[in-house]
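Novice: Give me a 3D structure for the following:
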Amino acid sequence: MDKVIEKISDIESAATSIMDNANERKKAFAKKMEENTAAFDSDLEAKTNKKIEALRTQMEVEMNRQLEKQLSDSKRILTTLEKRYEEQHSQYVEDLFQTMIKE
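Specialist: As a prediction, this is how the structure comes out:
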């Protein structure tokens, strides 16, 4: 009977040892998963920030290009208006004068 109790005690000790070992492995696995998750999050954040910065730069370049085009168009229109005024300002004055005296 003592041998049976001794065997049961040995089995219980072995089971406890196995359970303790499993718990330690579980903790190590959980820690490793936390580290992997943190590394993934950090990598994802860095990639996202890099893409955002690239988009911001691209948008800034496009905005500057459009601004230059608008500035060029405005200068062209202003030049055309000034040229037309220089060529026809006498006619504009005459037309305005005629409109004013007709009333």
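Novice: Run through this structure and note the low-pLDDT ranges.
Specialist: Filtered on pLDDT under 70, the chain yields the residue ranges 103.
Novice: so how far is the helix or strand in which E94 is found off the chain centroid?
Specialist: E94 is part of helix 2-102, with elements assigned from DSSP states H and E. Averaging C-alpha positions (C-alpha atoms, centre = their mean, to the nearest Å) puts helix 2-102 0 Å from its chain's average.
Novice: so what does that helix touch, helix or strand wise?
Specialist: Here helix 2-102 touches no other helix or strand, going by 3 or more C-beta pairs under 8 Å, 6 or more residues apart in numbering; DSSP states H and E. C-beta: built from backbone N, CA, C; applies to glycine.
Novice: Name the residue closest to the centre of the protein, please.
Specialist: With distances taken as C-alpha atoms, centre = their mean, the residue of the chain nearest its centroid is I52 (3.0 Å).
Novice: any idea how far that residue lies from L67?
Specialist: Separation of I52 from L67 (C-beta to C-beta, to the nearest Å) stands at 22 Å.
Novice: Same question for K51.
Specialist: 24 Å.
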